[in-house]
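**Q** Structure for this input, please:
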Amino acid sequence: MKIEEYKFGMFRIDGKDYLDDIKIIGNKVRFWQNREFHFLKPENIKELVDPKPEYIVIGTGASGMLNVLPETKDMIYKNRIRFVAEPTEKACNTFNDLVKQNKKVNAILHATC
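**A** So this is what the prediction gives:
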(Lines give C-alpha, C1' and ligand atoms only; values in the text may rest on other atoms or scores of the structure.)
Protein backbone atom coordinates (compact mmCIF):
# COMPACT_ATOMS: atom_id res chain seq x y z
CA MET A 1 0.00 0.00 0.00
CA LYS A 2 1.29 3.47 -0.87
CA ILE A 3 -0.01 6.97 -0.27
CA GLU A 4 0.75 8.41 -3.68
CA GLU A 5 -0.46 11.93 -3.02
CA TYR A 6 -1.83 14.16 -0.29
CA LYS A 7 -3.40 17.55 -0.95
CA PHE A 8 -5.57 19.53 1.44
CA GLY A 9 -8.74 17.43 1.78
CA MET A 10 -7.63 14.57 -0.51
CA PHE A 11 -5.51 11.43 -0.48
CA ARG A 12 -4.60 9.20 -3.43
CA ILE A 13 -3.79 5.68 -2.27
CA ASP A 14 -2.95 2.95 -4.75
CA GLY A 15 -4.67 4.91 -7.53
CA LYS A 16 -7.90 5.64 -5.66
CA ASP A 17 -8.90 9.07 -4.32
CA TYR A 18 -10.33 9.63 -0.83
CA LEU A 19 -11.88 13.02 -0.10
CA ASP A 20 -12.05 12.99 3.69
CA ASP A 21 -10.27 11.91 6.86
CA ILE A 22 -9.18 8.28 6.68
CA LYS A 23 -7.87 5.31 8.64
CA ILE A 24 -5.52 2.76 7.14
CA ILE A 25 -5.73 -0.58 8.90
CA GLY A 26 -3.63 -3.32 7.38
CA ASN A 27 -4.26 -3.01 3.66
CA LYS A 28 -7.71 -1.41 3.97
CA VAL A 29 -8.68 2.24 3.82
CA ARG A 30 -11.75 3.38 5.75
CA PHE A 31 -13.26 6.78 6.23
CA TRP A 32 -12.79 8.19 9.73
CA GLN A 33 -16.28 8.85 10.95
CA ASN A 34 -17.44 10.43 14.19
CA ARG A 35 -14.49 12.78 14.47
CA GLU A 36 -15.18 15.38 17.11
CA PHE A 37 -13.58 18.77 16.46
CA HIS A 38 -9.80 18.57 16.55
CA PHE A 39 -9.31 15.94 19.21
CA LEU A 40 -8.05 12.40 18.71
CA LYS A 41 -9.77 10.31 21.36
CA PRO A 42 -9.09 6.69 22.37
CA GLU A 43 -12.30 5.51 20.69
CA ASN A 44 -11.02 6.95 17.39
CA ILE A 45 -8.02 4.60 17.36
CA LYS A 46 -9.42 1.44 18.96
CA GLU A 47 -9.55 -0.42 15.65
CA LEU A 48 -5.98 0.68 14.84
CA VAL A 49 -4.64 -0.64 18.15
CA ASP A 50 -6.42 -4.02 18.28
CA PRO A 51 -4.44 -5.66 15.44
CA LYS A 52 -1.24 -4.75 17.39
CA PRO A 53 0.80 -2.99 14.69
CA GLU A 54 4.40 -1.99 15.30
CA TYR A 55 3.53 1.64 14.54
CA ILE A 56 0.57 3.99 14.37
CA VAL A 57 1.05 7.08 12.23
CA ILE A 58 -1.17 10.04 13.09
CA GLY A 59 -1.61 12.82 10.54
CA THR A 60 -2.57 15.91 12.51
CA GLY A 61 -3.82 17.93 9.52
CA ALA A 62 -2.23 20.27 7.00
CA SER A 63 -1.32 22.75 9.73
CA GLY A 64 -1.23 20.29 12.64
CA MET A 65 -4.53 21.29 14.28
CA LEU A 66 -5.51 17.79 15.47
CA ASN A 67 -4.68 17.28 19.15
CA VAL A 68 -3.75 13.81 20.36
CA LEU A 69 -5.28 13.60 23.83
CA PRO A 70 -3.14 12.26 26.70
CA GLU A 71 -5.51 9.33 27.22
CA THR A 72 -5.10 8.43 23.53
CA LYS A 73 -1.32 8.40 23.91
CA ASP A 74 -1.69 6.29 27.06
CA MET A 75 -3.78 3.73 25.15
CA ILE A 76 -1.07 3.43 22.51
CA TYR A 77 1.74 3.18 25.08
CA LYS A 78 -0.12 0.54 27.13
CA ASN A 79 -0.32 -1.61 24.00
CA ARG A 80 3.43 -1.21 23.42
CA ILE A 81 2.98 0.39 20.02
CA ARG A 82 5.24 3.11 18.69
CA PHE A 83 3.53 6.15 17.26
CA VAL A 84 4.33 9.24 15.27
CA ALA A 85 2.07 12.31 15.29
CA GLU A 86 2.95 14.98 12.75
CA PRO A 87 1.33 17.20 10.11
CA THR A 88 -0.43 15.06 7.54
CA GLU A 89 1.93 15.61 4.60
CA LYS A 90 4.89 14.47 6.68
CA ALA A 91 2.83 11.64 8.21
CA CYS A 92 2.08 10.31 4.71
CA ASN A 93 5.81 10.20 3.97
CA THR A 94 6.49 8.50 7.30
CA PHE A 95 3.78 5.91 6.58
CA ASN A 96 5.30 5.16 3.16
CA ASP A 97 8.81 4.87 4.63
CA LEU A 98 7.64 2.41 7.31
CA VAL A 99 5.79 0.32 4.73
CA LYS A 100 8.98 0.20 2.60
CA GLN A 101 10.79 -1.11 5.69
CA ASN A 102 8.17 -3.90 5.95
CA LYS A 103 6.90 -2.57 9.28
CA LYS A 104 3.38 -3.38 10.39
CA VAL A 105 1.81 0.10 10.39
CA ASN A 106 -1.68 1.56 10.72
CA ALA A 107 -2.56 5.21 10.24
CA ILE A 108 -5.22 7.78 10.99
CA LEU A 109 -4.96 10.88 8.82
CA HIS A 110 -6.77 14.21 9.11
CA ALA A 111 -7.29 15.60 5.61
CA THR A 112 -7.79 19.29 6.33
CA CYS A 113 -6.68 21.97 8.83
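
**Q** Pull the number of nearby residues for residue 93.
**A** Using other CB atoms under 10 Å, residue 93 has 14 other residues around it. Glycine gets a C-beta too; all of them are placed from N, C-alpha and C.

**Q** Correction: the previous question concerned residue 81.
**A** When counting by other CB under 10 Å, one arrives at 19 neighbours for residue 81.

**Q** Surely it and residue 51 touch.
**A** No. In this structure, residue 81 sits apart from residue 51 without contact. The criterion is CB atoms under 8 Å, and the distance is 10.0 Å.

**Q** Any figure for the gap between residue 14 and residue 104?
**A** In this view, residue 14 and residue 104 are 18 Å apart by CB to CB, to the nearest Å.

**Q** Comparing the two, which shows the higher neighbour count?
**A** Using other CB under 10 Å as the criterion, residue 14 and residue 104 rank with residue 104 on top: 13 against 10.

**Q** So which bits of stretch 47-64 are buried?
**A** Residues of stretch 47-64 classed as buried by neighbour count (16 or more other CB atoms under 10 Å): 48-49, 53, 55-62, 64.

**Q** Tabulate those residues in JSON lines, adding columns for pLDDT, secondary structure and distance to residue 29.
**A** JSON lines is the format used below for those (pLDDT from 0 to 100; DSSP: H, G, I helix; E, B strand; the rest coil; distance: CB to CB, whole Å):
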{"residue": "48", "pLDDT": "97", "secondary structure": "helix", "distance to residue 29": "12"}
{"residue": "49", "pLDDT": "96", "secondary structure": "helix", "distance to residue 29": "18"}
{"residue": "53", "pLDDT": "97", "secondary structure": "coil", "distance to residue 29": "15"}
{"residue": "55", "pLDDT": "98", "secondary structure": "strand", "distance to residue 29": "17"}
{"residue": "56", "pLDDT": "98", "secondary structure": "strand", "distance to residue 29": "15"}
{"residue": "57", "pLDDT": "98", "secondary structure": "strand", "distance to residue 29": "13"}
{"residue": "58", "pLDDT": "98", "secondary structure": "strand", "distance to residue 29": "16"}
{"residue": "59", "pLDDT": "98", "secondary structure": "strand", "distance to residue 29": "13"}
{"residue": "60", "pLDDT": "97", "secondary structure": "coil", "distance to residue 29": "18"}
{"residue": "61", "pLDDT": "96", "secondary structure": "coil", "distance to residue 29": "18"}
{"residue": "62", "pLDDT": "96", "secondary structure": "coil", "distance to residue 29": "19"}
{"residue": "64", "pLDDT": "95", "secondary structure": "coil", "distance to residue 29": "22"}
